[in-house]
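J.: Take this sequence and fold it.
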Amino acid sequence: MLSSLLLVCLSLGVIGATFDDAVIYTVAEFVGLTGFLALELRRISHMARALVFLSLALPAYAFASGSFDADLTLSALHRGAYLAFFLTSLSFLQHAAGRSPLILRSGQVLVMQPPGRRYLVLTFGAALFGMLLNLGTVGLLGTMIAKAVGPGDDAESTRIANIRRKRMTLAMLRGFCALPMWSPMTITIALVIAAIPSLSWGQMVIYSAPMTVLFLLIGWGLDRSGYARAPLPDQPPAPSLLKLLPLLTIVVLVPTTAFAASQVLGTNLITALLICIPFLSFGWIFIQERGAPTAGTLRKTAGIMGRDLLPSLPNMRTEIALFACSAFIGVMVTASVDTVRLGHAIIALGLSADTLLVLSAWLVFGLSLMGISPIISVTILAGTLPNLAALEINEVVVGVMLLTVWTISVNATPFSAAVRMSARLVTVEPTLLGMRWNGLYCLISLGILSVFLLVAQ
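T.: Numbers count the residues shown, from 1 in each chain. Below is the predicted model of the structure:
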């Protein structure tokens, strides 16, 4: 429970620092983040633990060498605390969504569609689910897919069942992984905007959202062209897609409420969203428990949040450590880069801004296949590329590139949580699912991104 309270302390510090620069809020961020990481250090992944130690080593080395910059370190601390707050806030919504009967009913609607429209419904539906459940989408829909597709009674029916399971899994994975390109409720958006403060979600989404639709339609086209359409026996009537309207209402309500709050509070959309999510989650749980009298429902809802939700906040300990420490390291490292000299060196090599962006995108993708998370490469590039003044790189294009290549990378790399979880649910190797089954889709998407960068920059 202490870890949960430290995350609450951290979150209150970030919210306070948004409106006031009082020292107490910085202290709350420091105590919350460092205390949480210290308590959870033995329970996080090896990669996350390495990043924690690196985060400690960088300011220690700067202090020992006489180059310690207190303002820079505080800026890095605030960046890390902000991303930890982001994940903590999203946990409220995931908890409310995970216990909602509406989510289960909507998932059944997606999975039980007829073959002609199953792929499109699943891939776009997974994108909507991802906004509310995050990685829980893969677990929920993946389990439903596994249950909906039987093992088969003979060799031929087993072969068909395996193909159907593969197609449905790819539809779900591609839709879910496209989330960073359009949703304001992803850690990728928060990371990019934190690294490039002059950027806004709206500036990027006008380019990335249409590209999202294009990518998902390409996935549908590959699915349609990859398999012969054989006549099927009579199918039971499919659930009406109108049953997804309540889910769509929630997906629209959350960012709409955040936008209204951002106008009232005078903050950016992402920060307003994070402040609103706990209250919206309380309201959603209240509606789920509305059978009791109002006063009793309020007490029951408060009890659920205190008894079930708060203790579960540290469950994202590895993700919090990864993102918070990556953000901290990104600030510390990029501040030491001589962007003027680097920019002139790049020009001397004959590289233009558009070529550099294309090479950066392929670099992030290639590194992800070797196990180097986009968290690290995107953080460093976001802090470096816009500051190469000699190249006059458009920061909006940088933001779109980073969101898009993150999406492509987590579709393909066998080290991504989404690919590994999906592979486990359909009992195949992550390398087979990510690199072989999904490889052509990712290469085509990366090619389209490259053309966009050459034209836009």
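
J.: only C-alpha atoms for contact and neighbour calcs from this point on.
T.: Noted.

J.: Show me where the stretch 51-200 of the chain has its helices.
T.: Applying DSSP state H, counting those that start in this stretch to the stretch 51-200 of the chain gives helices spanning 70-98, 101-111, 115-133, 136-148, 155-177, 187-195.

J.: which residues are contacting the fifth one?
T.: Applying Cα atoms under 8 Å, 6 or more residues apart in numbering, the external contacts of helix 155-177 come out as 118-120, 122-127, 129-130, 137-138, 141-142, 145-146, 149-152, 216, 219-220, 223, 407-408, 410-411, 418-419, 422, 426, 437-438.

J.: Pass me the low-pLDDT residue ranges in the stretch 1-150 of the chain, would you?
T.: Applying pLDDT under 70 to the stretch 1-150 of the chain flags residues 150.

J.: Pass me the low-pLDDT residue ranges in the stretch 201-350 of the chain, would you?
T.: Those would be 227-236, 291-295, if you go by pLDDT under 70 across the stretch 201-350 of the chain.

J.: How about the secondary structure of Cys9?
T.: helix (DSSP: H, G, I helix; E, B strand; the rest coil).

J.: give the contact list for Met47.
T.: Counting by Cα under 8 Å, 6+ apart, Met47 makes contact with Leu322.

J.: where's it relative to Glu319, distance?
T.: 10 Å (Cα to Cα, to the nearest Å).

J.: so how many other residues sit close to the closest residue in space to Ser75 that isn't next to it in sequence?
T.: Take Ser75 and drop its neighbours on the chain: the residue closest to it by Cα to Cα, 6 or more residues apart in numbering is Val331, 7.5 Å away. Applying other Cα atoms under 10 Å, we find 26 residues neighbouring Val331.

J.: Report all helices and strands that the strand or helix carrying Val331 contacts.
T.: Val331 belongs to helix 317-335 when assigned by DSSP states H and E. Secondary structure elements in contact with helix 317-335, counted by 3 or more Cα pairs under 8 Å, 6 or more residues apart in numbering; DSSP states H and E, are helix 46-64, helix 70-98, helix 374-384.

J.: Any regions of the stretch 351-457 of the chain where pLDDT drops low?
T.: Applying pLDDT under 70 to the stretch 351-457 of the chain picks out residues 457.

J.: Now with 80, please.
T.: 389, 457 (pLDDT under 80).

J.: where along it do the helices fall?
T.: 353-369, 374-384, 395-412, 417-425, 430-431, 439-456.

J.: now for the third one, which elements pack on it?
T.: If I follow you right, that is helix 395-412. Using 3+ Cα pairs under 8 Å, 6+ apart, helix 395-412 sits against helix 155-177, helix 187-195, helix 201-226, helix 353-369, helix 374-384, helix 417-425, helix 439-456.

J.: among the ones you listed, which is nearest Gln108?
T.: For those, proximity to Gln108 was assessed by Cα to Cα; helix 155-177 is nearest, at 13.1 Å.

J.: Quick one: buried ones out of the contacts of helix 155-177?
T.: Neighbour counting by 16 or more other Cα atoms under 10 Å classes 118-120, 122-127, 129-130, 137-138, 141-142, 145-146, 149, 151, 216, 219-220, 223, 407-408, 410-411, 418-419, 422, 426, 437-438 among the contacts of helix 155-177 as buried.

J.: Of all residues in the protein, which one is nearest the centre?
T.: The centroid of the chain falls nearest to Thr186 when counting by Cα atoms, centre = their mean (4.0 Å).

J.: give me the number of residues near the spatially closest residue to it that is not a sequence neighbour?
T.: In this structure, Thr186 finds its nearest non-sequential neighbour in Pro180, 5.7 Å apart by Cα to Cα, 6+ apart. Pro180 has 27 neighbours, counted by other Cα under 10 Å.

J.: Identify the residues contacting the spatially closest residue to Ala324 that is not a sequence neighbour.
T.: Among residues not flanking Ala324 along the chain, Gly80 sits closest, at 3.9 Å (Cα to Cα, 6+ apart). With contact taken as Cα under 8 Å, 6+ apart, Gly80 is in contact with 323-328.

J.: got those as TSV, with distance to Phe36 columns?
T.: TSV is the format used below for the contacts of Gly80 (distance: Cα to Cα, whole Å):
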residue	distance to Phe36
Phe323	14
Ala324	11
Cys325	12
Ser326	16
Ala327	16
Phe328	15
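
J.: and of the residues you listed, the nearest to Ser3?
T.: Closest to Ser3, out of all of these and judged by Cα to Cα, is Ala324, at 15.3 Å.

J.: May I ask you to confirm that the closest one is in contact with Arg79?
T.: Yes. Using Cα atoms under 8 Å, Ala324 is in contact with Arg79, at 7.3 Å.

J.: For my notes, please list the contacts of Gly80 in a markdown table and give neighbour count and distance to Leu72 for each entry.
T.: Formatted as a markdown table, the contacts of Gly80 follow (neighbours: other Cα atoms under 10 Å; distance: Cα to Cα, whole Å):
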| residue | neighbour count | distance to Leu72 |
| --- | --- | --- |
| Phe323 | 27 | 18 |
| Ala324 | 31 | 15 |
| Cys325 | 32 | 15 |
| Ser326 | 28 | 15 |
| Ala327 | 32 | 13 |
| Phe328 | 28 | 10 |
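
J.: re the thing from before, who are the contact partners of the residue nearest to Ser75?
T.: Contacts of Val331 by Cα under 8 Å, 6+ apart are 72, 75-76, 79, 195, 383.

J.: Filter these down to the buried ones.
T.: By neighbour count, with 16+ other Cα under 10 Å, these hold 76, 79, 195, 383 as buried.
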